Structures are given as C-alpha cells and as structure tokens.
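Asks: Below are the sequence and a predicted model for it; my questions follow.
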Amino acid sequence: QTVVTQEPSFSVSPGGTVTLTCGLSSGSVSTGHYPTWYQQPPGQAPRTLIFTTNTRSSGVPDRFSGSILGNKAALTITGAQADDDSDYYCVLYMGSGAYVFGNGTKVTVL
Amino acid sequence: QVQLVESGGGVVQPGGSLRLSCAVSGFTFSRYAMYWVRQAPGKGPEWVAVISFDGYSKHYGDSVKGRFTISRDNSKKTLFLQMTSLRVEDTAVYYCTRVVSGYHYFDFWGQGTLVTVSS
C-alpha cells in the first residue's frame, strides 16, 4: 500500500520561510505524480495552492512555491503571514484515476 | 461561478445505506470527470470514487469497492454516491470535486456533507 509522507507539524515566525515536503513510502516523487498542494483552514474545504509540481493556482500569493527537492515534492512559504496558519496536504496522482493524499502538515505561524 | 453543493449526509447505523447528491452550477458539467473525496476527522483526504464525463467509466478506492456506487445525471447536473453496507470507518466529510484532466488535480470542491456511521 502506497503511503504519502508529510511532516506532522512546523512552526514558523512571521516573515520567515518554511519548506514542507511530500514523499513516498517506497520510491521517489517525480513530476509524473503531478504533485498538488492544498491549504485547508479548519472546518473548510481544501483550497488549491500548487498543481503540477510548481504551478500556482489563480489568486495564490507568490510567497507559495512548489518544487521537487531530491526525491520529494516540496512546498515553500517565503515570508509567512498570520493567515498561512493552516493545514497543508499534498496529493500524488498514481495513475488510472487513483490519488493518494498525505496526512497533512499543520503549520503554525507565531 | 463554479459551485458544487453536496447534500444527503447524516447519521446511519452500521450496515445501513445513504445516498449523497452533489448539485453543480457555473460550468459545463457534462465535460468533466468528477470525484468523491472523503476526509475522516483529523485525517487526510482519501479519494473514494471517480466517474468519467459521460458516466461510462467508474473506478473506486479499495476501501469502498463493492459497497459504493458513483453515478451522474448530466441533464440535471448532479453527481451521486450510493453508499451501502456502511461501516464505522466510513465516517467522514464527503466532498464532491471536479478534476482537471491532463493536470490531474481537483480544482473545485464543494463544502462537504458529513456522514456519521454509529450505533
């Protein structure tokens, strides 16, 4: 069974930079997995931040960026703001219509 | 604007059934494959089922295969999820989502409907 790994939590100071990662229990993440990043405030539906590894969704501030770092997908927040305090999920496309989501990273800005 | 509105959630006993609906507006429903994605309390989302734009192709996650059925009515712009033999572990918020073919991501989500399976 494929498992997508994410750090459980991160803390970042306002104005600071944090990089979240998204890995696979076996193997490497590549652009062929079409990594997508979602932000989910409490009690709300997920909001798309980044798709196809590094494309920002419409209206997403440019302090959010996506990349492949080594064998993982990564989401970097540069110049964190208070309203970035949220849960972040990555999801990978596994082919044949199947997706696997990570368990999310809780980012605290303080 | 694109809107997806789920309904039909509620409390059901283990072994029971429930039918979820998702009414969409703001885009040409018949051109898009659609997904149901669920999220158990405190967990990451999990894809449940997908249906092709024309309804002919359907696929299911391993945890619901044989128990859930996805369908759609393009004339009424509505997506459905028939859930049977429900288990406690099916408790989750169920989201209706639109997938962007070729880019393989969910661009729009509904607000979700809560399904609670409990005796």
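Replies: Happy to help now that I have it.
Asks: what's across from residue B:80 in the sheet?
Replies: When bridges are taken as DSSP bridges, the partners of residue B:80 come out as residue B:21, residue B:71.
Asks: Verify the contact between residue B:21 and residue B:78 for me.
Replies: Yes - with contact defined as CB atoms under 8 Å, residue B:21 reaches residue B:78; the gap is 5.8 Å. Quick note: C-beta positions are derived from backbone N, CA and C, even for glycine.
Asks: Enumerate every residue touching residue 52.
Replies: Going with chain A. Counting by CB atoms under 8 Å, 6 or more residues apart in numbering or on different chains, residue A:52 touches A:31, A:34-36, B:103-105.
Asks: if you could check chain B rather than the one you did, that'd help
Replies: B:33, B:58.
Asks: CA-only coordinates of the lowest-mean-pLDDT helix or strand in chain A, as CSV, when you get a sec.
Replies: The helix or strand of chain A with the lowest confidence, counting by mean pLDDT, DSSP states H and E, is strand A:98-101 at a mean of 93. Taking Å, rounded to 0.1, in the frame of the first residue of the first chain, the C-alpha atoms of strand A:98-101 are listed here in CSV:
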residue,chain,number,x,y,z
ALA,A,98,-6.1,6.9,-8.4
TYR,A,99,-4.7,9.5,-6.0
VAL,A,100,-3.0,9.3,-2.6
PHE,A,101,-3.2,12.1,-0.1
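Asks: before we move on, back to that, the contacts of residue A:52 in helices, which ones?
Replies: Using DSSP state H, the subset of the contacts of residue A:52 located in helices is empty.
Asks: can you tell me which of the residues you listed are in strands?
Replies: A:36, B:105 (DSSP state E).
Asks: From the contacts of residue A:52, which one has the minimum pLDDT?
Replies: Checked by pLDDT, those have residue B:103 as the lowest-scoring entry (87).
Asks: Tell me the spacing between that one and residue A:93.
Replies: Distance, residue B:103 to residue A:93, using CB to CB, to the nearest Å: 9 Å.
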